[in-house]
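>>> Show me how the following folds:
(chains A and B)
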Amino acid sequence: MALTELHSLRSNISEEGPDRFIWNRVAGARLNDLARGTSLGGRFAELTGRSVLIATGNQLTTALALIELDGRARRLVILPPDIDPEHLAAVIAGADVDGIVIDHGSAKFDAFKIAASVECSSNIVPIEQRPHAFFQTEWVLLTSGTTGAPKMVAHSLAGLTAAITPRQGGDPVVWGTFYDIRRYGGLQILLRAILGGASLVLSNPGEPVADHLARLAQHGVTHLTGTPSHWRRALMSAALGKISPRYVRLSGEVADQTILDSLHASFPQAGIGHAYASTEAGVAFEVNDGYAGFPAALVEAEHDGVAMKVIDDSLYIRSPRAASHYIGEEVAALTDQDGFIDTGDIVERRGDRYFFAGRRGGVINIGGLKVHPEEIEAVINRHPQVRMSLVRSRRSPITGSIVIADVVLKRECERASEEHQVRNDILALCRGTLPRHKVPAAISFVPMLVVAPSGKLARRYG
Amino acid sequence: MSIKLTISEQMTEVAREQGKTLAPLRDDLPLLDSGLDSLAIAVVVARLEDKLGIDPFASADDVQFPVTFADFVKAYEDGAD
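Residues are numbered from 1 along each chain as shown, chains lettered A, B, ... in the order given. Next up, the predicted model:
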């Protein structure tokens, strides 16, 4: 084995040692088999040195292809599941794609005339491993922007894995995630599982939460991750009691105190952490003290090489875990002159902690006063009967916009009078906590809120 | 329930919620002297849209914003036709 190959993903897979699996809803693959096997029908040589689009329809084949091709492909471009077909041509041209990995569930790519096309299957067949040319593979992830073409964000494996601390011994770990591994948050979990000698239970779009939880329980999940919205949905499921993770992790959205407390109440033995990460900035920090927000000390001094600054309430991050650049045509600079990435996230300092107030692009303007939906949601979510909430703007002829809230209750009200009471309680809570212009003008009770494929609450800006 | 009564109720409720004193709702009462400020009136308009299904001030660009309570009520009555 070439010395450099020690740094490829595959070097974390060995035939010996405990059995490790990646499971999806219907199948599982034994990772150990990849040490002397292939999921690509042995055709990886056709993709060596190429810019390879991972266009698999199935996360299990995605994972296997990534392990097999890191160190072989010049570039791996991971296609997210919900990509608008309209943007495919720009991705393929912008990333100079000349190889593609597909599976049974892939869309059709015949029209794009990609030089090498290889099918991946979850069936690993033995193959003799020979030394091969080693490429320092560039990993390319697509942002999940709600409008316009996705940006292509280039990372190195070293950057993607820099926040992962190697584990020393201990009990076997089974990771589970509500994320899709074809996006940054989910990919982090795949990499954690691979580097940490662990197994992984994949999510499956459209699978009922109760079924997913049952599957996680069946495989003995020990470490489970998702967005706060994922977790709020899980907390609504009676099947939650089937799992008993040792570690619970949140990222991708603001983790408010209520969701942290709810998870602690459900899993009193578990460590509960929330991480701040983005496709561009990488994992910036993790907070494990059980409180919302993050210590101001993280901004005042560098930690693990990560520097943060707050300018006009916006958080900027300079990090060795950040992406190196955008690729494609007409790309903007990723960082400012000093190497900082603008996260677009608004923070507010209270005492010795910073709290996330929302997205700069998500500001609602109420007669000239700025409102971040997330800060209002955090207050509404404190009401004991509220499971989750979405604050949005409604245009107003008088103040431009007003704030309204859609609220999911933990259980439906049986009588109109009870609903009236809960509504008044929530409004009273808001009035007692928030300035008047942030108090919702109207509250609607809804059975469920839409969670986007990224795991975040679906918000419509504009 | 008449539109006028619904509007009166909503104004009374919002005034109570916001800790404002509502002036007696006579027809010639200027809205801005009602005790409700623009934010409170915006809340009333939003609640009335939920109750009555109309927002007479949202549709056209050249809507005259009502000056008196009677204008306000008339805008809804016209909108409901």
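>>> For residue A:335, the count of nearby residues, please.
18 (other CB atoms under 10 Å in any protein chain shown). Just so you know, the C-beta spots here come from the backbone N, C-alpha and C atoms, and that holds for glycine as well.
>>> How about it: what's its closest non-neighbour residue?
residue A:341 (5.3 Å; CB to CB, 6 or more residues apart in numbering or on different chains).
>>> Isn't the one you found up against residue A:315?
No - counting by CB atoms under 8 Å, residue A:341 stays clear of residue A:315, with 9.4 Å between them.
>>> for residue B:56, helix, strand, or coil?
Under DSSP: H, G, I helix; E, B strand; the rest coil, residue B:56 falls in the coil class.
>>> so it sits right up against residue B:78, yeah?
Yes - counting by CB under 8 Å, residue B:56 touches residue B:78, with 6.7 Å between them.
>>> Excluding residues flanking it in the chain, which one is nearest the residue in the stretch 301-450 of chain A positioned nearest to chain B?
Going by CB to the nearest CB, chain B is nearest to residue A:397 of the stretch 301-450 of chain A, at 3.5 Å. Excluding the flanking residues, the one nearest residue A:397 by CB to CB, 6+ apart is residue B:57, at 3.5 Å.
>>> what's around the closest residue to residue A:359 other than its chain neighbours, how many residues?
In this structure, residue A:359 finds its nearest non-sequential neighbour in residue A:344, 5.8 Å apart by CB to CB, 6+ apart. Residue A:344 is flanked by 15 other residues according to other CB under 10 Å.
>>> Residue A:344 and residue A:363: what is the separation?
Distance from residue A:344 to residue A:363, counting by CB to CB, to the nearest Å: 11 Å.
>>> in which helix or strand would I find residue B:39?
Assigned by DSSP states H and E, residue B:39 belongs to helix B:38-52.
>>> just how off-centre is that helix within its chain?
Distance of helix B:38-52 from its chain centroid, counting by CA atoms, centre = their mean, to the nearest Å, is 7 Å.
>>> So which other helices or strands are in contact with that helix?
strand A:386-396, strand A:400-409, strand A:442-445, helix B:3-17, helix B:69-80 (3 or more CB pairs under 8 Å, 6 or more residues apart in numbering or on different chains; DSSP states H and E).
>>> Buried residues of that helix, list them for me.
B:39, B:40, B:41, B:42, B:43, B:44, B:45, B:46, B:47, B:48, B:49, B:52 (16 or more other CB atoms under 10 Å in any protein chain shown).
>>> now stretch A:285-296
By neighbour count on 16+ other CB under 10 Å, the buried set for stretch A:285-296 is A:285, A:287, A:292, A:293, A:294, A:296.
>>> try stretch A:388-399
Quick answer for stretch A:388-399 (16+ other CB under 10 Å): A:388, A:389, A:390, A:391, A:392, A:393, A:394, A:396, A:398, A:399.
>>> name the element the nearest residue to the first one once chain neighbours are set aside belongs to?
If I follow you right, that is residue A:388. Spatial nearest neighbour of residue A:388, chain neighbours left out: residue A:232 (4.3 Å); criterion: CB to CB, 6+ apart. In this assignment (DSSP H and E), residue A:232 forms part of helix A:228-235.
>>> Average pLDDT for the very next helix or strand once past that helix, rounded please.
The C-terminal neighbour of helix A:228-235 among helices and strands, as given by DSSP H and E, is strand A:247-250. The average pLDDT within strand A:247-250 is 97.
>>> Against which helices or strands is strand A:247-250 packed?
Using 3+ CB pairs under 8 Å, 6+ apart, strand A:247-250 sits against strand A:223-226, helix A:228-235, helix A:257-266, strand A:271-278.
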